[in-house]
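Asks: Turn this into a structure:
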Amino acid sequence: MAVYRFKVCLEDNEDVFRDIDIKAAQSFEQFHTIIQEAFKFDAKHAASFFVSDDYWRKGQEITLRKEDLPLDEEEIRKKVDPKKLMAEIKIARYIEQPHQRFVYVFDPVVQWSFLIEMIKIADENAKLNYPAIVKSYGTAPKQYKQTNMAREELSPDMAMAGLLNDLEPEDEEIYKTLDPAEEAVEEDDINSLEGEEGEEEDAEENGEEAADDFGMDEHHEED
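Replies: Presented below is the predicted three-dimensional model:
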């Protein structure tokens with residue numbers, strides 16, 4: 001039985017790729033499963049293969065899930081061909097040339113996109129369990145990438161708000177870090193301050209009384 005060897009690489013980084021051998025009679029669903037294994041993805045999301053021309057333009061879609069088979073309004077308007085189901089289609093059905101190409105898209109939200117090209121027809125190896133990963137090059141990316149906007153992509157107001165949020169800890173945290181001795185003025189200090197204020201007031205009153213007495217004495221002397 002013919003064995004096809006495909007090079008599967010990330011669309012955004014062709015230096016990260018896997019060579020996969022798969023038998024002509026095996027299905028696109030099996031191809032999907034081995035790609036997930038090769039790149040250490042979790043296979044929890046929708047996926048589709050697209051038969052491609054030499055310019056990576058997408059043609060016939062072969063999808064993973066039955067619920068994704070119906071065409072949407074846009075696809076109907078563009079007269080897109082009905083979708084096929086991976087489990088029902090053998091690889092050999094869409095091998096039309098020696099360097100047949102496919103585009104594989106996994107997780108429509110994140111849009112992981114892989115470029116697939118047949119690079120040779122290999123001899124069947126009785127020791128291999130097909131489909132098989134026969135070569136790995138480059139580190140597979142993390143499936144779940146951070147989606148937060150980069151700080152430099154934010155508007156100045158949004159960036160400033162983010163900066164303030166970074167700089168201002170919660171009130172509760174502030175209280176946790178305060179030394180109890182720093183939370184308020186000591187009682188002795190308060191008494192001391194009150195005492196000083198009282199002394200100043202007494203001094204002012206004594207001064208006024210002395211001035212009054214001095215005025216009265218002067219008046220008596222004139223008499």
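
Asks: Against residue 31, how distant is residue 95?
Replies: Residue 95 sits 12 Å away from residue 31, going by Cβ to Cβ, to the nearest Å. Placement of C-beta: from N, CA and C, glycine included.

Asks: For residue 16, grab the count of nearby residues.
Replies: Counted with other Cβ atoms under 10 Å, the neighbours of residue 16 add up to 17.

Asks: And residue 54, by the same measure?
Replies: Residue 54 has 9 neighbouring residues, counting by other Cβ under 10 Å.

Asks: Next: the one 3 residues further on.
Replies: By other Cβ under 10 Å, the residues close to residue 57 number 11.

Asks: Also residue 129?
Replies: With other Cβ under 10 Å as criterion, residue 129 counts 6.

Asks: Just checking, which helix or strand of this structure averages the lowest pLDDT?
Replies: The helix or strand of the chain with the lowest confidence, counting by mean pLDDT, DSSP states H and E, is helix 171-177 at a mean of 42.

Asks: Give me the more crowded residue out of residue 95 and residue 31.
Replies: residue 31 (24 against 16).

Asks: what residues are up against the more buried one?
Replies: Taking Cβ atoms under 8 Å, 6 or more residues apart in numbering, we find residue 31 in contact with 6, 20, 22, 49, 86, 91, 131.

Asks: Buried residues, stretch 76-84. List them.
Replies: 83, 84 (16 or more other Cβ atoms under 10 Å).

Asks: Stretch 38-48 too?
Replies: Using 16+ other Cβ under 10 Å as the test for burial, stretch 38-48 gives 38, 39, 41, 45, 47, 48.

Asks: Stretch 11-21 now?
Replies: 16, 17, 18, 19, 20, 21.

Asks: what's the answer for stretch 101-115, then?
Replies: Using 16+ other Cβ under 10 Å as the test for burial, stretch 101-115 gives 101, 102, 103, 104, 105, 106, 107, 112, 114, 115.

Asks: now, the most widely separated pair of these?
Replies: 101 and 107 (21.0 Å; Cβ to Cβ).

Asks: can you redo the buried residues of stretch 11-21 as JSON lines with secondary structure, pLDDT and distance to residue 138?
Replies: Compiled in JSON lines, the buried residues of stretch 11-21 are given as follows (DSSP: H, G, I helix; E, B strand; the rest coil; pLDDT from 0 to 100; distance: Cβ to Cβ, whole Å):
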{"residue": "16", "secondary structure": "strand", "pLDDT": "92", "distance to residue 138": "3"}
{"residue": "17", "secondary structure": "strand", "pLDDT": "96", "distance to residue 138": "7"}
{"residue": "18", "secondary structure": "strand", "pLDDT": "97", "distance to residue 138": "9"}
{"residue": "19", "secondary structure": "strand", "pLDDT": "98", "distance to residue 138": "12"}
{"residue": "20", "secondary structure": "strand", "pLDDT": "98", "distance to residue 138": "14"}
{"residue": "21", "secondary structure": "strand", "pLDDT": "98", "distance to residue 138": "19"}
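
Asks: Out of those, the closest to residue 135 would be?
Replies: Taking the buried residues of stretch 11-21 together and measuring to residue 135 by Cβ to Cβ, the closest member is residue 19, at 3.7 Å.
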